[in-house]
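> next input, structure requested:
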Amino acid sequence: MKQSLRELLRVPHAPVSLAGYDSTATPMASASKGGKLRLPRGDAAKLAEFQERLFAEAALGGQRSVLLVLQGMDTSGKGGTTDHVVRSMRPTGVRYTAFKAPTDDERKHDFLWRIRLHTPAAGTVGVFDRSHYEDVLIVRVHDLVPPAEWERRYDQINDFEAELAANGTTIVKCFLHISYDTQRERLLARLDDPAKRWKFNEADIDERGHWSEYQAAYEAVLERCNKPAAPWYVIPADSKPYRNWAVGRILLETLRELDPQFPQPDLDLDDLRARLQPPN
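You can find the predicted model right below:
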C-alpha cells in the first residue's frame, strides 16, 4: 500500500531537532528529464469536492469541521500557501484568519481568547495564518512574558486543541520549514521587486539575528504540542510549488479520511417532480 504524505511528514513522538529536517526535500514528487520539479495532479478538484461535502453535511446538522494551522518563519509562505490551497474551495466554506500582534483589547484577556473567536464553524475549513503558537514562539524568544507563564501555555494549548477535537474539529498543523539562506533570498527578492517591496519589514532583518532561538522555540512546540488529536507536519518549504502541493495534499488526505457525504433529506421525489411539471 502506498504511503501517505501525512505519514512521511508527520512529526514523530520523539525529541525534535530541526537540523535533521531537509528544507529542500520533496517527498512523493519526482523530477522531469530537465530536472524540473514534477508534482502529482488532480488534487484540486478532489479537495473542492470533499470540502463541498463537508459544507453540505453541516446544512443538515453535521458538526464536523477542519482547522488548518500554518506556522513558519517570515517568508516561509503562509500567505502564499493559503492562496494556493483555498483557491480550489468555495469561499463560503472557508474561514481565513491572519493573526497579527494582539490589540490592547485582546491583551486584556487570556492568550486563547482571540483564537476561540475564530475557530471554524461546523462544515467549515478554517485556516490560521499564524495562531496561538505565537504565544510560545515570539513571546518566548523576546521575553514578553515570564518563562513560567509561557511554560504553562504548552499544556493550555494541548487542552484547547483536545477540546476542539472533542467537539468535531479535525486539526491539521503545518510548520513551513525553510533554511536561513532561503529566507535571505526571499527578503532580497522583495527588495528587488517593486510590486512586492511593500511587504518588506525592516524588523525581519533584526529577527534573523534570533534564528537559533526561534529554531529552539519551534522544536519545543513540535515536541510538546504534537498530540494524536492535533499532529504536526514539517513541510519542506524551500520550494514554493512543493510547499503548496504538500499542504493541499495533506488537507486532501485528511478530508478523504473524514469522508463527508452529501446528506439525503427525506423528500417525496415523485410528488416534487410532479409539482414542477408545466401545467396542462
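
> so, low pLDDT: which residues of this protein?
For the chain, the stretches with pLDDT under 70 are 1, 32-35.

> now the strands for it?
30-31, 37-38, 65-72, 94-98, 125-129, 169-177, 232-236 (DSSP state E).

> who touches stretch 215-229?
For stretch 215-229, the external contacting residues (CB atoms under 8 Å, 6 or more residues apart in numbering) are 11, 13-18, 71, 133, 136-137, 140-141, 154, 157-158, 161-162, 165-166, 171, 175, 232, 234. Using the backbone N, CA and C atoms, a C-beta is placed for each residue, glycine as well.

> in that stretch, what counts as buried?
215, 217-218, 220-226 (16 or more other CB atoms under 10 Å).

> same deal with stretch 199-210?
Taking 16+ other CB under 10 Å as the criterion, stretch 199-210 shows 204, 207 as buried.

> output it as PDB, restricted to C-alpha atoms.
Provided in PDB are the C-alpha atoms of stretch 199-210 (Å, rounded to 0.1, in the frame of the first residue of the first chain):
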ATOM      1  CA  LYS A 199       5.800  43.500   2.100                       C
ATOM      2  CA  PHE A 200       9.300  44.300   3.300                       C
ATOM      3  CA  ASN A 201       9.600  44.900   7.000                       C
ATOM      4  CA  GLU A 202      13.000  46.000   8.300                       C
ATOM      5  CA  ALA A 203      12.200  44.200  11.600                       C
ATOM      6  CA  ASP A 204      12.500  40.900   9.700                       C
ATOM      7  CA  ILE A 205      16.300  41.600   9.400                       C
ATOM      8  CA  ASP A 206      16.500  42.100  13.100                       C
ATOM      9  CA  GLU A 207      14.600  38.800  13.700                       C
ATOM     10  CA  ARG A 208      17.100  36.900  11.600                       C
ATOM     11  CA  GLY A 209      19.500  37.600  14.500                       C
ATOM     12  CA  HIS A 210      17.300  35.400  16.600                       C
END
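
> pull the residues that contact that stretch.
Stretch 199-210 is contacted by residues 74-75, 141-142, 180, 183-184, 187, 190-191, 214 when judged by CB under 8 Å, 6+ apart.

> what does stretch 18-31 give?
5, 8-9, 37-40, 177-179, 182, 215, 218-219, 222, 234, 236-239, 242, 245-246, 249.

> okay then, goodbye and thanks.
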